[in-house]
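**Student:** Model the following, please.
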Amino acid sequence: MIRSKWLLSLLFCFFLFSSLLAEPPAGYYDPTVGLSGNELRSVLHEIISTNTNTNYSNSKAIMYSAIDNDDGWIRCVYSGYSVAHPVGDPSTPSSFSCEHSYCQSWIDLELEGTENTIAKADIHHLFPVKSSVNSARSNHPFDVVLNITNSYTEDGGNTVSYLGTNQDNCVVFEPDELHKGDAARALLYFIVRYETGLSFGNVDMLGTLLEWHYGDYVSTKEINRNDAIYDFQGNRNPFIDHPEFIEEIWIGEPSIYVTFPNETITLGTNLTYSINWFTQYFYNNVKIELINSSSGATTELSSSTENDGEWDWTIMQNIEPNDNYRIRISDIDNSSFFDESNQSFSIILTDPQSNLFISEYCEGSSYNKYIEIYNGIGACVDFSNYKLKIYYNGNQCPLNTIEFSSLLNKDELFIIANPSASDEILNNADWLFGGLQFNGNDVVALYQNDELIDIIGNIGEDPGSGWNVSGIVTATKDHTLVRKDFIISGNSDWNISAGTNADDSEWLVYNCDTFDYLGFHIMNVQLNAPENVVINLDGADIIITWDPVLRAEVYHVYSSSNPYTDFEEDSSGVFNSTTWTAPINDSKRFYRITAE
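**Tutor:** As a prediction, the model looks like this:
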């Protein structure tokens, strides 16, 4: 953490050194006017993300030949070791190597592809260092060394760096006093340019770097170096041009800001997603929770994780599908200090035994034609993966295809109707489609991606006037078909779906222009019993947890003193999603959980 009294005295340095600041091109920072905090950080990222050099060899060549060549001498920034090296000579000086202030191993952890290569060649964080000292620094994080293992100086003690352990007994590297500010501004530039973290080796470097920035202010040499790097790779370090940006981004009230998920999105099944956040002047570990915005229930995803801005989340198989989830990131020591996703997102898990299906079909008089699709999966689905195809007069190819979009919520209907249908139909329709002109002998088929999941009729077959359903002749003409309430999924085999009589058919057949069931659908499903029930004792409480049951709206807990006697519903506890907490009662030793 920053020592505030020391920090305040240093803030006056802004005025003392203002004449030294570099002159960026006119208008370069205009988009930052009036901004601070995360907005400023985001805009700076856009401004400085113009460097595209991927040639690390060229970067080293320009460093040694010009940028870090001081009238024919190359100097180690950590130890003061110097060697003669002609200006214009692109070769690597003897006993020197190129130091990545933001270590290459960190880059490999944080970045992939072209960005990885650009970052490794970015001179803003590269410096000439004696090879032996570079090896000693290795990939250790920067911090103040309290217990010194080795010191590195080769100019009579004027330049000294240290390797050792910090206050938490982590191995760290502390650069020379006159390079601390340079290193700090280089790393702060790096995390804004590449949107990476500063926590490595169990050390969060941000607080230390901010101290070093104020303790070793911008020098003329650093300004000239920034100008030279801009000439070579086309972007600048904004914290050299405008040191006040550091205060405007990082100094102030602590804050947490969730950056992903922060919008309406749809997640798939059993995949891993990266939750991202940004913290300002806050270094503690964080807790990550999943919040069901509808019920208010929370699920702890991580009780404590490193505050490095990223955490990989593998969607649990037993999670309850819902379209009202948010992520909360909070301080592990103070849950009132938190941030949540701005908008809810959807988690979609598909029950292999169910899918969307056609719940109602109407081939009525004149233009009274509609198709009703029902989401009985028990979860919100990505409707853009589905399409409806209509095959006319025994053709093998569809004449009309309706491609859907957006989401279809749990238990929601979607009705496609002919725009000339009766008002009763139009008042319930979600989509009016002029091509919906099927007759009793035309096929209507529902697809998920390219897989047939439900169908009325047989593709390539012309039955004459229509197909028989439930033992009723030509029932697909001048009738309304309604799916029976025990059907939970479509059927790609029309012959089985249609059946031969009222008992084996999946459909109820009603007279022409029957609209009594339009706009709603009843599906009666026998829910599974809750699985993986776990009972724990916590002080004076008993806590019961279980896996979510697909389609369950409510749970009940029953208790008894004897497993062979009647169980009675227990109202002594409090539900939190799939957790029930109640005071321990010696007369209640056996419990049963049900879902409905």
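**Student:** Just the pLDDT at residue 543, thanks.
**Tutor:** Looking at residue 543, its pLDDT reads 92.
**Student:** tell me which residues in the host helix or strand of it are buried?
**Tutor:** If you go by DSSP states H and E, residue 543 is part of strand 541-545. Neighbour-count burial for strand 541-545 flags 542-545 (criterion: 16 or more other Cβ atoms under 10 Å). The way it works is simple: take the backbone N, C-alpha and C, and place the C-beta from them, glycine included.
**Student:** would JSON lines of these with distance to residue 292 be doable?
**Tutor:** Shown next, in JSON lines, are the buried residues of strand 541-545 (distance: Cβ to Cβ, whole Å):
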{"residue": "542", "distance to residue 292": "23"}
{"residue": "543", "distance to residue 292": "19"}
{"residue": "544", "distance to residue 292": "19"}
{"residue": "545", "distance to residue 292": "15"}
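**Student:** How about the longest helix anywhere in the chain, which residues are buried there?
**Tutor:** Looking across the chain with DSSP state H, the single longest helix is helix 177-194. Burial within helix 177-194, assessed by neighbour count using 16+ other Cβ under 10 Å, is assigned to 179-194.
**Student:** cool, and stretch 588-596?
**Tutor:** Burial within stretch 588-596, assessed by neighbour count using 16+ other Cβ under 10 Å, is assigned to 588, 591-595.
**Student:** Pick the one among those closest to residue 285.
**Tutor:** Looking at the buried residues of stretch 588-596 and their distance to residue 285, the nearest is residue 593, at 33.7 Å (Cβ to Cβ).
**Student:** Need phi/psi at that closest one.
**Tutor:** Main-chain torsions, residue 593, degrees, to the nearest 10: phi -110, psi 130.
**Student:** Without its sequence neighbours, what residue ends up closest to it?
**Tutor:** Take residue 593 and drop its neighbours on the chain: the residue closest to it by Cβ to Cβ, 6 or more residues apart in numbering is residue 530, 4.5 Å away.
**Student:** so how far is residue 573 from the one you found?
**Tutor:** 15 Å (Cβ to Cβ, to the nearest Å).
**Student:** Tell me which helix or strand comes right after whichever strand or helix holds residue 109.
**Tutor:** Element membership for residue 109, per DSSP H and E: helix 104-110. Downstream of helix 104-110, the first helix or strand assigned by DSSP H and E is helix 113-120.
**Student:** now the angle between helix 113-120 and the longest helix of the chain, please.
**Tutor:** For helix 177-194 against helix 113-120, the angle by axes from the mean of the first three to the mean of the last three Cα atoms, to 10 degrees is 160 degrees.
**Student:** follow-up on the earlier one: closest one of the buried residues of stretch 588-596 to residue 59?
**Tutor:** Once Cβ to Cβ is applied, the member of these that ends up nearest residue 59 is residue 595, at 61.5 Å.
**Student:** in the sheet, who's paired with that closest one?
**Tutor:** residue 555 (DSSP bridges).
**Student:** Without its sequence neighbours, what residue ends up closest to residue 191?
**Tutor:** That would be residue 198: by Cβ to Cβ, 6+ apart, it lies 5.8 Å from residue 191.
**Student:** wait, doesn't the one you found sit right on residue 208?
**Tutor:** No: counting by Cβ atoms under 8 Å, residue 198 sits too far from residue 208 to count as a contact (9.4 Å).
**Student:** got the domain boundaries for the chain?
**Tutor:** 38-250, 255-347, 357-510, 534-595 (automatic domain parsing).
**Student:** Confidence-wise, which of the ones you listed is weakest overall?
**Tutor:** Looking at the domains of the chain, the bottom one is domain 255-347 with a mean of 79.
**Student:** ends of it, how far apart?
**Tutor:** Criterion Cα to Cα, to the nearest Å; first-to-last residue distance in domain 255-347 is 27 Å.
**Student:** For residue 238, give its distance to residue 225.
**Tutor:** 14 Å.
**Student:** between these two, who's got more neighbours?
**Tutor:** residue 238 (27 against 21; other Cβ atoms under 10 Å).
**Student:** Backbone torsions only: list them for the more buried one.
**Tutor:** phi -70, psi -20.
**Student:** likewise the one 3 residues further on?
**Tutor:** With angles defined as degrees, to the nearest 10, residue 241 shows backbone torsions of phi -70, psi -40.
**Student:** what's around it, how many residues?
**Tutor:** There are 20 residues near residue 241, going by other Cβ under 10 Å.
**Student:** now do residue 359
**Tutor:** Counted by other Cβ under 10 Å, the residues lying close to residue 359 total 27.
**Student:** Wait, a strand at it?
**Tutor:** Yes: Residue 359 forms part of a strand when assessed by DSSP: H, G, I helix; E, B strand; the rest coil.
**Student:** For residue 386, see how far away it is.
**Tutor:** In terms of Cβ to Cβ, residue 359 sits 14 Å off from residue 386.
**Student:** How about residue 197?
**Tutor:** On the measure of Cβ to Cβ, residue 197 and residue 386 end up 40 Å apart.
**Student:** Mind listing the residues bridging to residue 415?
**Tutor:** Counting by DSSP bridges, the residues bridging with residue 415 are residue 372.
**Student:** Now do the contacts for the closest residue to residue 106 other than its chain neighbours.
**Tutor:** Excluding the flanking residues, the one nearest residue 106 by Cβ to Cβ, 6+ apart is residue 200, at 5.6 Å. By Cβ atoms under 8 Å, 6 or more residues apart in numbering, the residues touching residue 200 are 103, 106, 139, 141.
**Student:** List the beta-bridge partners for residue 200.
**Tutor:** Going by DSSP bridges, residue 200 is paired in beta bridges with residue 203.
**Student:** Ok, residue 272 next?
**Tutor:** Taking DSSP bridges as the rule, residue 272 bridges to residue 314.
**Student:** my read: it touches residue 313, true?
**Tutor:** Yes: shown here, residue 272 and residue 313 form a contact pair, counting by Cβ under 8 Å, at 6.6 Å.
**Student:** more crowded one of those two?
**Tutor:** residue 313 (17 against 8).
**Student:** Would you enumerate the residues in contact with residue 122?
**Tutor:** 51, 53, 59, 190, 193, 233.
**Student:** give me the element residue 581 is part of.
**Tutor:** Going by DSSP H and E, residue 581 is part of strand 579-583.
**Student:** With just CA atoms, put that strand into CSV.
**Tutor:** Provided in CSV are the C-alpha atoms of strand 579-583 (Å, rounded to 0.1, in the frame of the first residue of the first chain):
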residue,chain,number,x,y,z
THR,A,579,-29.5,-24.8,0.2
TRP,A,580,-31.7,-25.1,3.3
THR,A,581,-30.6,-24.0,6.7
ALA,A,582,-32.4,-24.7,10.0
PRO,A,583,-31.7,-24.9,13.7
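**Student:** Renumber starting at 19 from here on
**Tutor:** Will do, 19 is the new start, and the previous item becomes strand 597-601.
**Student:** What is it packed up against?
**Tutor:** On a contact count with 3 or more Cβ pairs under 8 Å, 6 or more residues apart in numbering; DSSP states H and E, strand 597-601 meets strand 559-563, strand 573-578, strand 592-594.
**Student:** Distance to residue 544 added to those strands, as CSV?
**Tutor:** Output for the helices and strands packed on strand 597-601, formatted as CSV (distance: least, Cβ to Cβ, whole Å):
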stretch, distance to residue 544
strand 559-563, 23
strand 573-578, 16
strand 592-594, 22
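**Student:** do you know which of the ones you listed lies nearest residue 142?
**Tutor:** Closest among the helices and strands packed on strand 597-601, using Cβ to Cβ: strand 592-594, at 49.0 Å.
**Student:** contact partners of that closest one?
**Tutor:** Residues contacting strand 592-594 (Cβ under 8 Å, 6+ apart): 315-316, 573, 598-600.
**Student:** Pull out the buried residues from the residues you listed.
**Tutor:** 315, 573, 598-600.
**Student:** And stretch 268-281, what's buried?
**Tutor:** For stretch 268-281, by 16+ other Cβ under 10 Å, it's 268-269, 274-277, 279-280.
**Student:** nope, stretch 110-130 is what I was after
**Tutor:** For stretch 110-130, by 16+ other Cβ under 10 Å, it's 110-111, 114-121, 124-125, 127-129.
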